[in-house]
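Asker: sharing a model that was predicted from the sequence below.
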Amino acid sequence: MHVSVLLDEAMEWLAPRPGAVYVDATLGGGGHAEVLLERIGPDGRVLGLDADPQAVDRARTRLKRFGNRFEAVHMRFSSMRDVAEIRGMESVDGVLMDLGVSSDQIDEPQRGFSFREDGPLDMRMNPDESVTAADLVARLSERELADLLWRFGEEPHSRRIARRLVQVRERAPLRTTRELADLVTSARGGRSRPGIHPATQTFQALRMAVNHEMEELTAGLEKGLALLKPGGRMVVISFHSLEDRAVKTCFREHAGRRESLHEGGERLVRREPPVCVLTRRPVRPGDEECVRNPRARSARLRAAERSS
């Protein structure tokens, strides 16, 4: 079962209060939503979204005791503002985004997210989408594959891996996670950071490309901030540097910076809506949580509050 990461810290920064309304934009296993519902009392509401229909079904089952105070919708979080407004939520008290892939997805070989067990090279969070990881590996050029692995996986051996992928697919298409993991391990010569599988960054890059994760994140951050009422808070939990940089940059642009004028004085340059960044540095899980849930080790939490 999926274990919610940085649960206590997320609640601390969201500061839920009775009667408040929240959007959990990445339902996953429903752990964060469950605690929010418990804390906001009988008059509070939570709207949950997830691109994975299986996650939506699991959350509905887990949280059915909350009745109409909770609603789960199968939808990408880039659509959260439209989904909320249709349900009469013109503004909300908080938005939570817990990014990346869930334990439930990783632990199901048929989804193709993990190299721990063999499965189809899929990686779609939404099975209704048409393009799989196998499709990308089969059709992208060597240069496009190398760029993808570097951009989304920060893979230092991206060119070598891309070259090997193209060589191998000329003989037969890659169809399984084990085939890909073995190919990447061979192309890298088994080299990787201690405790990290050599194929980790390649799998991350393909998963992010298949699911358009960075485009979704950019849109979701803007939609979420626009949905907040003054004083409302957004909390984002990310799991690698690309996501964290995107969150950090977005929050800084909305917080603004002072810019000197040629005629003297200065002006504040910022994006709308204005926010106050609450976390000067990312909040990381403690040693106890990392021991209890090793997948939490790379988690980073950032929070911002809408000013007006």
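Answerer: Received the coordinates, thanks.
Asker: can you map out the helices along the stretch 201-308 of the chain?
Answerer: Taking DSSP state H, counting those that start in this stretch as the criterion, the stretch 201-308 of the chain carries its helices at 213-227, 241-255, 287-292.
Asker: report pLDDT for residue 305.
Answerer: Confidence per residue is given as pLDDT, and for residue 305 that number is 98.
Asker: to clarify, my last question referred to residue 83.
Answerer: At residue 83, the predicted lDDT confidence score is 97.
Asker: where does it fall, secondary structure wise?
Answerer: helix 80-86 (DSSP states H and E).
Asker: what is the neighbour count of residue 153?
Answerer: The criterion is other CB atoms under 10 Å. On that basis, residue 153 has 23 neighbouring residues. For glycine as for every other residue, the C-beta is placed from the backbone atoms N, C-alpha and C.
Asker: ok, so what distance separates residue 121 from residue 154?
Answerer: In this structure, residue 121 lies at 21 Å from residue 154, with CB to CB, to the nearest Å as the measure.
Asker: between those two, which is the more surrounded one?
Answerer: For the pair residue 121 and residue 154, the greater number of neighbours falls to residue 121 (24 against 14), based on other CB under 10 Å.
Asker: right, and that one touches residue 178 too?
Answerer: No - Residue 121 sits out of contact with residue 178 when judged by CB atoms under 8 Å, with a separation of 9.3 Å.
Asker: which parts of the stretch 51-200 of the chain are strands?
Answerer: Under the criterion DSSP state E, counting those that start in this stretch, strands of the stretch 51-200 of the chain are mapped to 70-74, 92-98.
Asker: shaky segments in the stretch 101-250 of the chain?
Answerer: Counting by pLDDT under 70, the stretch 101-250 of the chain contains low-confidence ranges at 191-193.
Asker: distance check, the residue sitting nearest the centre point of the chain against residue 77.
Answerer: A centroid search over the chain (CA atoms, centre = their mean) returns residue 99, at 1.9 Å, as the residue closest to the centre. Using CB to CB, one obtains 9 Å as the distance from residue 99 to residue 77.
Asker: identify the contacts common to the two.
Answerer: Shared contacts of residue 99 and residue 77, defined by CB atoms under 8 Å, 6 or more residues apart in numbering, comprise residue 26.
Asker: what residues are up against residue 149?
Answerer: Contacts were defined as CB under 8 Å, 6+ apart; by that measure residue 149 touches 155, 158, 161, 162, 201, 202, 205.
Asker: so what touches stretch 57-73?
Answerer: Surrounding stretch 57-73, the residues in contact under the criterion CB under 8 Å, 6+ apart are 27-30, 33-34, 37, 42, 44-50, 56, 83, 87, 104.
Asker: just the ones in helices from the residues you listed, please.
Answerer: In helices, defined here by DSSP state H, the members of those are 33, 34, 37, 56, 83, 104.
Asker: between those residues, which is nearest residue 240?
Answerer: Relative to residue 240, the closest of these is residue 104; by CB to CB it sits at 19.2 Å.
Asker: burial count for residue 249?
Answerer: Under the neighbour criterion other CB under 10 Å, residue 249 is assigned a count of 12.
Asker: gap between it and residue 243?
Answerer: As judged by CB to CB, residue 249 and residue 243 stand 11 Å apart.
Asker: next one: residue 99
Answerer: Note on residue 99: its distance to residue 243, by CB to CB, is 5 Å.
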